[in-house]
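1. let's see this in three dimensions:
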Amino acid sequence: MKMRMFLLSAAALATVFVSSVFAQQSSTTPADPQSIAQRKDNQQDRIAQGVQSGQLTARETANLETKEAGLNKEEHTMRSEDDGHLTAADRAKLNHQQNRLSHQIYDKKHNGRTR
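-> Take a look at the predicted model:
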């Protein structure tokens, strides 16, 4: 009888633990609106740090800022088409574009050119 209670308790505990892990993972998806805004801030900070450290030239900075502004404009257009919301497809597209821009920031910061 004690063994049975032990196994039931262990199973219940495992169920609670596993469900809490999945709940945490689903609430931090990379394409949720909060992470889109956070990524924009992070990328702006990375560009500013590159300017400050001399890793980015003026031309590279202007190029990255233009791309960032285009991405922001596209997000604004997407939101205006859906009453201020982003669809799942819009979030996925923005996430993909942010990934590309992030790689470009890295490449430009590490290409050996300095101001």
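2. quick check: residue 86 touching residue 92?
-> No. Between residue 86 and residue 92 there is no contact under CB atoms under 8 Å: 9.5 Å. (C-beta placed from N, C-alpha, C; glycine too.)
3. so for the two, which residue has more residues nearby?
-> residue 86 (19 against 13; other CB atoms under 10 Å).
4. and that one, how far from residue 56?
-> When distance is defined by CB to CB, to the nearest Å, residue 86 is 29 Å away from residue 56.
5. where does this protein dip in pLDDT?
-> The chain contains residues with pLDDT under 70 at 1-34.
6. could I get the full set of helices for it?
-> 2-27, 33-53, 58-81, 88-109 (DSSP state H).
7. wait, what's in contact with the closest residue to residue 56 other than its chain neighbours?
-> Distance criterion CB to CB, 6 or more residues apart in numbering; nearest residue to residue 56, sequence neighbours excluded, is residue 50 at 3.7 Å. Counting by CB atoms under 8 Å, 6 or more residues apart in numbering, residue 50 touches 56, 60-61, 105, 108-109.
8. okay if I get these as a markdown table plus distance to residue 40?
-> Shown next, in a markdown table, are these (distance: CB to CB, whole Å):
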| residue | distance to residue 40 |
| --- | --- |
| 56 | 18 |
| 60 | 19 |
| 61 | 16 |
| 105 | 12 |
| 108 | 17 |
| 109 | 17 |
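9. just the closest of those residues to residue 45, please.
-> residue 105 (10.3 Å; CB to CB).
10. show me what contacts residue 46?
-> Residue 46 is in contact with 102, 105, 109, counting by CB under 8 Å, 6+ apart.
11. one more pass at 10 Å, please.
-> 55-56, 64, 101-102, 105-106, 109 (CB atoms under 10 Å, 6 or more residues apart in numbering).
12. between those residues, which is nearest residue 80?
-> For those, the nearest to residue 80 is residue 101 (21.4 Å; CB to CB).
13. that closest one and residue 84: what is the separation?
-> Counting by CB to CB - residue 101 and residue 84 are separated by 23 Å.
14. much appreciated, bye for now.
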